[in-house]
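**Q** I'll drop the sequence and a predicted model, then ask my questions.
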Amino acid sequence: MIEQSTITDVAKLVHEKGPSEETVKELRAKFGDIHFTYCFDDDVCGPKPAYEDDAFNIYLVDGTAHCATFTSYPEAASGLVIAELDDFCA
């Protein structure tokens with residue numbers, strides 16, 4: 001389960017630092033119990049973001065089954081995808 005307040009805290013940090021592999025490394029260090037993935041938003045097909053920003057979207061991932069899947073339920077989420085929007089320039 002990932003609390004909405006945690007998603008907000010993650011979004012604040014990504015907004016300050018910019019979406020990048022380096023930012024995701026920092027997130028992993030700060031939120032060790034959450035799995036983080038970085039990609040571009042056009043690599044994500046289908047799910048609605050849990051958080052939207054001008055520079056990135058955050059998606060929820062459920063890793064409890066054999067394969068990780070996107071979810072729209074924070075109570076089922078064990079990870080977050082930080083998806084950089086293509087038109088963002090750091």
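**A** That came in fine, so what should we check first? Residues are numbered from 1 along each chain as shown.
**Q** correct me, but Asp54 touches Leu85?
**A** Yes - if you go by CB atoms under 8 Å, Asp54 and Leu85 touch, sitting 7.3 Å apart. The way it works is simple: take the backbone N, C-alpha and C, and place the C-beta from them, glycine included.
**Q** Looking at the two, which is more packed in?
**A** Leu85 (15 against 8; other CB atoms under 10 Å).
**Q** mind listing what that one touches?
**A** Leu85 makes contact with Phe40, Asp41, Asp54, Ala55, Phe56, Asn57, according to CB atoms under 8 Å, 6 or more residues apart in numbering.
**Q** Now a ChimeraX select for only the buried ones of those.
**A** Buried residues within the contacts of Leu85, by 16 or more other CB atoms under 10 Å, are selected in ChimeraX with:
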select :41,56,57
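**Q** Greatest separation within the contacts of Leu85: which pair is it?
**A** The largest separation in the contacts of Leu85, counting by CB to CB, is between Phe40 and Asp54 at 14.8 Å.
**Q** Pull the contacting residues for the residue lying closest to Ala83 once chain neighbours are set aside.
**A** Using CB to CB, 6 or more residues apart in numbering and skipping the chain neighbours, the partner closest in space to Ala83 is Asp41 (4.0 Å). For Asp41, the contact set (CB under 8 Å, 6+ apart) comprises Phe56, Asn57, Ala83, Glu84, Leu85, Asp86.
**Q** ditto for Thr64
**A** Contacts of Thr64 by CB under 8 Å, 6+ apart are Ala76, Ser78.
**Q** how does it look with 7 Å?
**A** Listed by CB atoms under 7 Å, 6 or more residues apart in numbering, the contact set of Thr64 reads Ser78.
**Q** okay, it: pLDDT?
**A** With respect to pLDDT, Thr64 scores 85.
**Q** For it, what is the enclosing helix or strand?
**A** Assigning secondary structure by DSSP states H and E places Thr64 outside every helix and strand.
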